[in-house]
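K.L.:
Got a predicted model here, sequence first, then my questions.
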Amino acid sequence: MNREFDYVIVGAGSAGCVLANKLSEDNENSVLLIEAGGKDSNLFIHMPSGYSQIVPQANKQNFGFETEPEETTSRRKMYWPRGRGWGGSSSINAMVYIRGHASDYDQWRQLGNPGWSYDDVLPYFKRAENFQGEGDSDYHGFEGPLSVKKSDRTDDLLLDKFIEAGQQAGFPLTPDFNGKQQEGFSRYEHTIKGSKRCSSARAYLHPVLKRKNLFTETNLTVDKVIFEGKKAVGVQYIIKGKKVICKANKEVILSAGAVNSPQILMRSGVGNAEDIAPHGIQMNHELKGVGKNLQDHIGVVSQFASTKPVTLHRSATMFRTALAGIQYLLLGTGDAANPPTAGGAFIKSHPDKDIPDMQIHYVSIAVPDVHGRADIPTEHGFSSIVYACRPQSRGHLTLKSSNAEDAPLMFPNYLSEEQDLIDTRNGFRETRRVFMQEAFDEYRGDQLKPGLDVNIDDDQELDQWIRETGETLYHPIGTCKMGSDDMSVTNEHGQVHGVSGLRVVDASLMPTLIGGNTNAPTIMMAEKISDHIRGKSFL
């Protein structure tokens, strides 16, 4: 072994930064945090609007994965941005802070994960949070490292029109998506501190970098976990063309995300033999669920031209974008100081639904697609993106080869269950009904998406358009799910079944998708499991 530590954490993303902070609190622990990308030094990471410069293509901050073509999404290769570097996806996301519905966590407990009910996890959400402003102390924390504040921007006229239109359409107004009532329309809460993004790296990692027992390595590729029998004893990674083996005296912890963690397990000989053996990799332990149970949110856009120049298009041209950047750098204000997705809604796609099953993201611009990879339209407009919160469709990922540099083969299997298509269709129509309310009358121009060639009242035509245009909302989970059934990969503490010294702590543990964005729950999970690792009880 070349180097030796108590804990080796693979991945300095949303969960890994939390674990590095918590485990290095104990001076007797030596902790190594290793990351495929670099430090979070890029200006666009910290500028709240900067994610639009990072997400559209693969780069040093973004893996930019692609899925395999599938019939359910018209044989398209779907683009999957995933964070690469300190902070992981919390350094490139839209900073929307959503915990999900209380029943989501109660379901996790019912699926064989004791200690994961909403009552169990709420204290950890609060422990992580430093809520800026007035909030309900029953639901919010005010002393944690993760800075959260509700959008207070005053320069987005149509944002308030969207919320007004939701009420006109018969939906409730909610003061707080993360409080006692998720259902309704409101402004979002964001992970922002001052005028800068508050990623997991900024909240948890940067404040403790001077600890003498915390070590970091960047710009490397993890090849595999090293085993002695059924015990994980270290990690092999490649840096500057050289292979390095680090010994872990206590645990190896995979926090590389729902794409990379199962891939590393498979390259380490842990997983389904059918996925591993064809690549000449020696089996260490058979776990059929590794890489299975893949879930993600897939969203579609509803969009109209604006008849008045009151949208964020004012900062979308190259010249205006530069001006907004200068204003941000000099004053910390303006469009660049705010994420464009400042408001949204949780609604029921049908009155028979027990809880809100659709999330709507609103943005005062005519987005070219979910990821902004095409040119920004030259005219003012406004858009929404709607998706089914708890899809029934399940996909999988597997190895492309044994080469550590190769991305996995990903098959999300979107919309393979008919109910997902029905819910998305109904949710889209409800979203469009919001845009047709009186609040938008003086601003609503031509319908841009779908185009007028799509009859949105015809189920078959609308379904085909959904399959042809739906895109990821960046929330892949479930590929190393926790539980006790035959397809579970870990127990409720993230400990991999059948081996010792190996744990997974990231969004891949989630057995089912929560109703909302997945960053806040991932941070909460790392907070909670860090207590188990350290033998401490917070509750």
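P.N.:
Nice, thanks for sending it over.

K.L.:
check contacts around the residue in the chain sticking out farthest from the centre.
P.N.:
Checked against the mean C-alpha position of the chain, the extreme residue using CA atoms, centre = their mean is Glu442, at a distance of 35.4 Å. The neighbours of Glu442, taking CB atoms under 8 Å, 6 or more residues apart in numbering as the test, are Thr307, Lys308. The way it works is simple: take the backbone N, C-alpha and C, and place the C-beta from them, glycine included.

K.L.:
So in the protein, which helix runs the longest?
P.N.:
Of all the elements of type helix in the chain, the one with the most residues (DSSP state H) is helix 418-435.

K.L.:
for it, packing partners?
P.N.:
In terms of contacts (3 or more CB pairs under 8 Å, 6 or more residues apart in numbering; DSSP states H and E), helix 418-435 is packed against helix 157-168, strand 298-306, strand 343-347, strand 358-363, strand 381-388, helix 459-469.

K.L.:
Which among these is found nearest to Leu409?
P.N.:
Among these, the nearest to Leu409 by CB to CB is strand 298-306 (18.6 Å).

K.L.:
now the closest one against strand 381-388, angle please.
P.N.:
Relative orientation of strand 298-306 versus strand 381-388 (axes from the mean of the first three to the mean of the last three CA atoms, to 10 degrees): 160 degrees.

K.L.:
that older thread, what are the buried residues along the longest helix of the chain?
P.N.:
Along helix 418-435, the positions that meet the burial threshold by neighbour count (16 or more other CB atoms under 10 Å) are 420-421, 423-428, 430-435.

K.L.:
Would you tell me what the next helix or strand after that helix is?
P.N.:
Heading C-terminal from helix 418-435, the first helix or strand you meet, by DSSP states H and E, is strand 444-449.

K.L.:
Contact partners for the closest residue to Gly37 other than its chain neighbours?
P.N.:
Counting by CB to CB, 6 or more residues apart in numbering, Gly37 lies nearest to Gly85, which is 3.1 Å off, once chain neighbours are set aside. Under the criterion of CB under 8 Å, 6+ apart, the contact partners of Gly85 comprise 12, 35-40, 42, 45, 60-61, 91, 218.

K.L.:
now do Gln61
P.N.:
Counting by CB under 8 Å, 6+ apart, Gln61 makes contact with Gly37, Asn42, Phe44, Ile45, Ile54, Gly83, Arg84, Gly85, Ser91, Ile92.

K.L.:
wait, which of those is closest to Asp485?
P.N.:
Of all the contacts of Gln61, Gly83 has the smallest distance to Asp485: 30.1 Å, by CB to CB.

K.L.:
What's opposite the closest one in the beta bridge?
P.N.:
Beta bridges link Gly83 to Asn62 when assigned by DSSP bridges.

K.L.:
now it: how far from Glu442?
P.N.:
Separation of Gly83 from Glu442 (CB to CB, to the nearest Å) stands at 40 Å.

K.L.:
So which bits of the lengthiest strand in the chain are buried?
P.N.:
Ranked by number of residues, the top strand in the chain under DSSP state E is strand 242-254. Within strand 242-254, the residues scored as buried using 16+ other CB under 10 Å are Val244, Ile245, Cys246, Lys247, Ala248, Glu251, Val252, Ile253, Leu254.

K.L.:
picking up where we left off before, tell me which of the contacts of Gln61 fall in helices.
P.N.:
Those of those mapping onto helices are Phe44, Ile45, Ile54, per DSSP H.

K.L.:
wait, doesn't the second one sit right on Ser91?
P.N.:
Yes. Ile45 is in contact with Ser91 according to CB atoms under 8 Å; the separation is 4.8 Å.

K.L.:
Strands of the stretch 101-250 of the chain, start to end?
P.N.:
Assigned strands in the stretch 101-250 of the chain, in chain order: 129-132, 146-150, 184-187, 189-190, 192-193, 196-197, 214-217, 221-228, 231-239, 242-254 (criterion: DSSP state E, counting those that start in this stretch).

K.L.:
tell me what the longest one is packed against?
P.N.:
For strand 242-254, the packing partners by 3+ CB pairs under 8 Å, 6+ apart come out as strand 3-10, strand 221-228, strand 231-239, helix 257-267, strand 502-504.

K.L.:
Quick check: mean pLDDT of the fourth one?
P.N.:
Computed over helix 257-267, the mean pLDDT rounds to 98.

K.L.:
Taking their axis directions, it and strand 221-228 sit at what angle?
P.N.:
Taking the same axes, to 10 degrees, one finds that helix 257-267 is oriented at 50 degrees with respect to strand 221-228.

K.L.:
who does helix 257-267 touch, helix- and strand-wise?
P.N.:
strand 221-228, strand 242-254, strand 396-398.

K.L.:
What's the first helix or strand after the last one?
P.N.:
Right, the one you point to is strand 396-398. Using DSSP H and E, the helix or strand that follows strand 396-398 towards the C-terminus is strand 409-411.

K.L.:
ok, and what's touching that following strand?
P.N.:
With contacts defined as CB under 8 Å, 6+ apart, strand 409-411 is touched by 65-68, 70, 80, 259, 294, 395-400.

K.L.:
which one of these is nearest Arg197?
P.N.:
Closest to Arg197 out of those is Trp80 (20.7 Å), distances taken as CB to CB.

K.L.:
Now the helices and strands packed on helix 257-267 in TSV, please, with extra columns for mean pLDDT and distance to Met525.
P.N.:
Output for these, formatted as TSV (pLDDT from 0 to 100; distance: least, CB to CB, whole Å):
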stretch	mean pLDDT	distance to Met525
strand 221-228	98	20
strand 242-254	97	12
strand 396-398	98	20
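
K.L.:
re earlier: parallel or antiparallel, which strands does the longest strand of the chain pair with?
P.N.:
In its sheet, strand 242-254 lies beside strand 3-10 (parallel), strand 231-239 (antiparallel), strand 502-504 (parallel), with partners assigned from DSSP bridges.

K.L.:
List the buried residues of the longest one.
P.N.:
Of the residues in strand 231-239, Ala232, Val233, Gly234, Val235, Gln236, Tyr237 count as buried by neighbour count, 16+ other CB under 10 Å.

K.L.:
who's in contact with the third one?
P.N.:
Contacts here follow CB under 8 Å, 6+ apart; on that basis Gly234 touches Met1, Val8, Val225, Ile226, Ile245, Cys246, Lys247, Ala248, Val252.

K.L.:
Next up, the contacts around His380.
P.N.:
Under the criterion of CB under 8 Å, 6+ apart, the contact partners of His380 comprise Ala305, Ser306, Lys308, Pro309, Val310, Thr311, His313, Ala366.

K.L.:
do Val270 as well
P.N.:
Neighbours of Val270 in contact, by CB under 8 Å, 6+ apart: Val225, Asn284, His285, Leu287, Val290, Val496, Val499, Leu502.

K.L.:
Ala337 too?
P.N.:
For Ala337, the contact set (CB under 8 Å, 6+ apart) comprises Met47, Pro48, Ser49, Ser195, Tyr328.

K.L.:
okay, these in a markdown table with secondary structure, distance to Val301 and neighbour count next?
P.N.:
Below are the contacts of Ala337 laid out as a markdown table (DSSP: H, G, I helix; E, B strand; the rest coil; distance: CB to CB, whole Å; neighbours: other CB atoms under 10 Å):
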| residue | secondary structure | distance to Val301 | neighbour count |
| --- | --- | --- | --- |
| Met47 | coil | 24 | 23 |
| Pro48 | coil | 22 | 22 |
| Ser49 | coil | 19 | 22 |
| Ser195 | coil | 28 | 16 |
| Tyr328 | helix | 27 | 23 |
